[in-house]
Each structure stands twice: as structure tokens, then as C-alpha cells.
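In: Please work out how this folds:
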Amino acid sequence: MLKKIFFLGFVYFSIFVFGQQKFDPQILVLPVSEKIYDKNFGKDISKLNQDIRNNNRAGELFTEGDNPENIRIYQKSLNDFVKQLDFFNTVSVGSSGFLFYRFYEHFPNVLIKLSTEKSNGSLENLKSISEKETTQYVLNFPLVKIYKEKGKTFADVKVQLYDNSKKSIVLEQIYKGGLYNPGFEFSCDGKSLNCCINNALSQALDDIIKEVAMNNVTLKNNREIAYNRNVFLKDNYLNKDFNADFLKNIIAEKDENIDLKDIYQLITNEDKTKFVGFFLKQGISQDFMSLQKNNKDKNVKILTDTDIKDPNYFKENHSNYAYIVEGVKYNGNWFYRKSNVTYFNSKNYDEAKLYFLNNLQTLNFFKENSTEFNSDFWETNLFSKVEDLKKDKDWDNYGESIWKEDDLNNRDYICLYEIVADKLRDDKTKSNESFEKDRLENFYKPYYETLLKNKSISKYSEHSLIFPIERNKSINPVLFTENKNTLTIHYFVESNGTLYEWNYFPSKTIKDKLDFGETVVNDMEKLTDWNFSVDNLNDENFWNNYVFKKSGDVYLYLKKIK
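Out: Predicted coordinates for the structure are as follows:
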């Protein structure tokens, strides 16, 4: 639990100040007050504590850096807390991490702050801590107990949740967890005491989340807005007339992934250069395992009526198959894509249609806190454009280390709609694959096979081709196994039907085949911004000065293969 949930806590957390709107909700997490365990667990707990101490000796867990104030405050509280960290107090750290992970989607400014102050569990004491730390909620763990019952190992975790806005303890309960792996966020080694804690917390944290969510003003407002928007969509869009023939000239009949008979609503912009269509098919009745084997769609969402811990979760049938198709007209041509593929159940067809139409609420269809249409809908979310990553405010922090390859691959598509860019990328990928297959089969491999036949080499392993978007030249790194099993890297170039050996980098010997790709990348990065994650090498300076450079009529770095 420490490794899994503790990490989540660091990645996302922020902190709240009670009574202010800057942070919401606000939860202060306290350490475990009383720790009880049967003596036969002494060795196991001592080992777990030693492992924690060894990890802490590696140095301070997190540094403040340039993070926002709320994260810096959380990091400081976390660093202070881990100084007293032991097996029992991973309950507090793990809980703080999981709560943020679950709240963050709706509350980007959620406060999760750890405190080293213990509570005696009384109402007066919790109230005092809440007001001193200026947080609305205090999450307290008065007791954690590890014990045997009928030969099986269990953990009891007593939980208190104090709400200062109500001046009361709104949740107080003991949660019992057994020694088995609950999976998913609480996954653990089924032989470890951590599993007992995880199983208890998986129950407790669900109750805590429900308590906070049901009484949160922001969520209450969001539920009211969602209800009003649902009514608006039902009254104004669900059964609104639309031109069913509009898509017939856009979506090809041979497109097996889209069935025009299943469209039940179509929305277009004013000049009819953009559209979003809602599709629904009923009566498919597939369970989770069947859907998992279905390769028809990517990024499928499966909504169930059962809890994932329910034994019937994977057997539940899903009777509705729905998806969105969005499209834009660009340079006189239509580009479209299928998205938001969802399997779910409903009482009837009308309910299913309205339920799926409500996806518009998450796609920037409405102005903030309103049922009024948002004109930005046609430029965001489904219709977003490819951004220039170099203009991102965080480019200096992440550009070279994380975004560099994405930026190189995006250069040709910046400011295009993603729908258009996706199709152009797909077309380019197919053309690249066809070009690579043709060149390898018709130019490179025949030469390598000749070397094999002449016993100049005993084996070869060619890497992917390196070539520009014009596809008028290419480089093929190849690994030859020569006499006495010596592994050497060579580079060959094909241009206008002629094959050359590229000797800018002399052939080099490596010890292991696994070093092949890395060595090639290291060589190329000395000359240009490229690695195998980049689609094409479009650097003319590289091709002109390091590959095809001449002295008079003679190539300096190319030797023609006879």
C-alpha cells in the first residue's frame, strides 16, 4: 500500500484553507493513535518497519521546487510526517493519496494535508484540531488492530471523520479487512499484512468520499446544473428534427465501424462545416469478457450497474452500444472520426438516447454554470486543434525531456483540427509502412542475402528505415554477425534506386544485440534531432552535409555497392 497509494498522493495533491473558497474540499489526515497487534505478528511488523526506515534513509522524499503553494505545503507536511512513519501510519499516508486521487477530477484544488498531531477522538479535541489547522474535515484513525480470528488474519481500522461546518463527527466506524488481494487501486501481495489494511481502507474510503461528496456545496451546485442541462437537452435536442441524409456523402458506406442507420441526433454548426452525430444500437447483450475480446473499437468505456467487487461484475450484459462521430470540412474535404464508444444498460431506448446525449455536458457544449450554448464548443474538446508545444508555458521544463519527439511529429500539423491531423497522420503512417516494406524487400535485403550466400556474414538483423517525408531516400542500420560471432553495426543508404554504404560512422562492434538500437540513436543524435519515436527525419542539413555531401562529383560519406 505504501508504494502504490503513497505515490498517488505525491503526484496530485494540493491543500485547502478552511473557510476560504481557494481550496475545496479540505481534509486534514491524522496519524494512527492506538496500534495493537498479536505478538505472533511482531516479526512481520518489525520487518515492514525496517523496510520503511531503509527507504526513508534514501533522503527527503520530495522537494518543493517550483510547484504551486498548495503542493509545496503538502510536500512539507508529507516530509514531516514520514519522519515518524511506520507500518501502521501507512494507513494515513495511503488514505491521503487515495482521497486526492478520487477527488481530483472534480476538485483540482483539493486539500489533503497530513498532520503529526494525534487525537484522543473526542468531539472537542477534533474540533480544536480542525480550527487550529483551518481545515473543514479531520480524518482520524483512533485505532488499528492486527489479529487472528479462527485461524485467519484480519485488521480492524477505526475511522472518524469530523466536519467542522456541522461541528460533529459525521462518520465513526470500525472497518474489518482480511488477508486477500482486492485488486485495482488497492492491489497488494495476498500474503502481506498490507492487504488487511488495504481491504479495510477500501471500504472506509468509499464511505468517506460519499460523505464529503454528498454534502459538498460545489457538488450540490454541479448536480443542480447537470439536472437543468439534462432537462434542456431533453426538451431542445433529443427529438429535434435533423437531416438524416447529411452524412451519406461524408461517411463512406464501406466504413464498417459506423452504421448510419443507428444515428438518432445530428448537430451542425451554422455554415455546416462541422457536425457531431450521436449513434445508438440496442440489443447487443455482450458481457465484459466478450467486449474485452472485441477489437472493433479502441478506448471503449464500459458502464456497469454492479460494483467491480461484485462477483457478477464480469458477467453483466450491456445492451446498449453508443458512440459519437464528429467531423470537419477542411480544404473542401470532409474528415471525421468515431469517439466516446460506450457500452451501458438502460430501461428503454428513449432513456438510453438521453443518457448518451448528456455527453455534451462534458464536451464544453454549455457555458460555465449555465444551460446556454457555448460557441466555443466548435473549437474545443471534440474539435480541438494541434498545439505548438514550443509555445507551452512549461516547454522550458518538459520540452527537451518529455515533449521533444511529440513536437517533431506535430510540426506538420500545428493549428490543424485534431480530426484532420489524425487522418493525415494515419495516411502518412500507411505510406511510410508501404515505402519501408518496398525498400527493404527490393533494395536492402537482397544485398544482405548476397552477403549471407557468400558467407561474408553468418546472420543479419536490419532495423527500421530512416527517411524524410518525401520518401526519396533512406538509411537502414543493420547488425551483421561476422566471423567468430562478432556483432558489427553498418549503415546503408538507398537513393534513386542506387544502394550505398554510409561510412560517416565507421562500422562499430557491440557486445550485445540489445545495444543495437541504442547505439544507432546515439550516433544519429550527434548529427540531428531524431530517434525511432520520430516519424520522419526531415532535417535537410543532415541529409545534405552528413549523407550526400560531395567533393566535386564524389560523395564524401557514401560508397556505392557494386
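In: In three-state terms, how would Val478 be classified?
Out: Secondary structure, DSSP: H, G, I helix; E, B strand; the rest coil: Val478 is strand.
In: To what extent is it buried, counted in neighbours?
Out: 21 (other Cβ atoms under 10 Å). The way it works is simple: take the backbone N, C-alpha and C, and place the C-beta from them, glycine included.
In: For it, which residues are in contact?
Out: The neighbourhood of Val478, defined by Cβ atoms under 8 Å, 6 or more residues apart in numbering, consists of Tyr444, Tyr448, Tyr460, Ser461, Glu462, His463, Ile489, His490, Tyr491, Phe492.
In: out of these, who's nearest Tyr398?
Out: Each of the contacts of Val478 was checked against Tyr398 using Cβ to Cβ; the closest is His463, at 28.2 Å.
In: who does the closest residue to the closest one other than its chain neighbours bridge with?
Out: What sits nearest to His463 in space, not counting adjacent residues and going by Cβ to Cβ, 6 or more residues apart in numbering, is Pro477, at 4.3 Å. Beta-bridge pairing for Pro477 (DSSP bridges): Tyr491.
In: Surely Pro477 and Val521 touch.
Out: No: here Pro477 does not reach Val521: they are 9.6 Å apart, not a contact under Cβ atoms under 8 Å.
In: So for the two, which sits in the more crowded spot?
Out: When Pro477 is set against Val521 and neighbours are counted by other Cβ under 10 Å, the residue ahead is Pro477, at 24 against 14.
In: where does the stretch 201-350 of the chain have low pLDDT?
Out: Counting by pLDDT under 70, the low-confidence segments of the stretch 201-350 of the chain come to 284-295, 305-318.
In: what about the helices in it?
Out: Ranges of helices within the stretch 201-350 of the chain are 217-236, 288-293, 349-357, based on DSSP state H, counting those that start in this stretch.
In: contacting residues for Cys328?
Out: Residue 328: Val, not Cys. Each residue near Val328 by Cβ under 8 Å, 6+ apart is listed here: Thr273, Lys274, Trp334, Phe335, Tyr336, Phe383, Tyr417, Ile419, Val420.
In: again, only this time at 6 Å
Out: By Cβ atoms under 6 Å, 6 or more residues apart in numbering, the contact list for Val328 reads Lys274, Phe335, Tyr417, Ile419.
In: and what of Val157?
Out: Val144, Tyr175, Ala200.
In: with these in mind, which one is nearest to Pro468?
Out: Ala200 (59.0 Å).
In: what's the helix or strand for the closest one?
Out: Following DSSP states H and E, the helix or strand that holds Ala200 is helix 193-215.
In: between that helix and helix 217-236, how big is the angle?
Out: With axes from the mean of the first three to the mean of the last three Cα atoms, to 10 degrees as the basis, helix 193-215 and helix 217-236 are set at 60 degrees to each other.
In: how far is helix 193-215 from where the chain is centred?
Out: The chain centre lies 24 Å from the centre of helix 193-215; the measure is Cα atoms, centre = their mean, to the nearest Å.
In: With stretch 480-496 instead?
Out: On the basis of Cα atoms, centre = their mean, stretch 480-496 is displaced by 39 Å from the centre of the chain it belongs to.
In: Can you show me the strands along the stretch 451-562 of the chain?
Out: 459-462, 473-481, 487-495, 498-502, 508-510, 550-551, 554-555, 558-560 (DSSP state E, counting those that start in this stretch).
In: who wins for proximity to Ile52 among those?
Out: strand 508-510 (41.5 Å).
In: Check which residues of the closest one are buried.
Out: If you call a residue buried by 16 or more other Cβ atoms under 10 Å, then strand 508-510 has no buried ones at all.
In: Show me what it pairs with in its sheet, parallel or antiparallel.
Out: Based on DSSP bridges, the pairing partners of strand 508-510 within the sheet are strand 487-495 (antiparallel).
In: quick one, the strand it pairs with and strand 473-481 angle?
Out: Angle between the axes of strand 487-495 and strand 473-481 is 160 degrees (criterion: the same axes, to 10 degrees).
In: tell me which residues of strand 487-495 are tucked away?
Out: By neighbour count, with 16+ other Cβ under 10 Å as the criterion, the buried positions of strand 487-495 are Leu487, Ile489, His490, Tyr491, Phe492, Val493, Glu494, Ser495.
In: now do stretch 218-238
Out: Taking 16+ other Cβ under 10 Å as the basis for neighbour counts, the residues of stretch 218-238 that come out buried are Leu219, Ile225, Arg229, Asn230, Phe232, Leu233, Tyr237, Leu238.
In: I'd like these written out as JSON lines, with distance to Phe532 added.
Out: Conversion of the buried residues of stretch 218-238 to JSON lines gives the following (distance: Cβ to Cβ, whole Å):
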{"residue": "Leu219", "distance to Phe532": "46"}
{"residue": "Ile225", "distance to Phe532": "47"}
{"residue": "Arg229", "distance to Phe532": "46"}
{"residue": "Asn230", "distance to Phe532": "48"}
{"residue": "Phe232", "distance to Phe532": "50"}
{"residue": "Leu233", "distance to Phe532": "46"}
{"residue": "Tyr237", "distance to Phe532": "47"}
{"residue": "Leu238", "distance to Phe532": "49"}
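In: Tell me the one among these nearest to Leu424.
Out: The shortest gap between Leu424 and any of the buried residues of stretch 218-238 belongs to Tyr237, at 31.6 Å (Cβ to Cβ).
In: pLDDT for the contacts of Val157 - can I get that in a markdown table?
Out: Compiled in a markdown table, the contacts of Val157 are given as follows (pLDDT from 0 to 100):
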| residue | pLDDT |
| --- | --- |
| Val144 | 95 |
| Tyr175 | 96 |
| Ala200 | 92 |
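In: Go through the residues you listed and name the one nearest Glu351.
Out: Tyr175 (35.7 Å).
In: The closest one and Leu161, how far apart?
Out: Taking Cβ to Cβ, to the nearest Å as the criterion, Tyr175 is separated from Leu161 by 12 Å.
In: re earlier: greatest separation within the contacts of Val328: which pair is it?
Out: Farthest apart among the contacts of Val328 by Cβ to Cβ are Lys274 and Phe335. That separation is 10.3 Å.
In: returning to what we had before: among the buried residues of stretch 218-238, which one sits closest to Val554?
Out: Distances from Val554 to these, taken as Cβ to Cβ, are shortest for Tyr237 (70.5 Å).
In: Tell me the spacing between the closest one and Ile174.
Out: Spatial separation of Tyr237 from Ile174 under the definition Cβ to Cβ is 49 Å.
In: How about the residue nearest the centre of the chain: what's its closest non-neighbour residue?
Out: Closest to where the C-alpha atoms of the chain average out (Cα atoms, centre = their mean) is Asn299, at 11.5 Å. Take Asn299 and drop its neighbours on the chain: the residue closest to it by Cβ to Cβ, 6+ apart is Val341, 6.8 Å away.
In: Cool, thanks, talk later.
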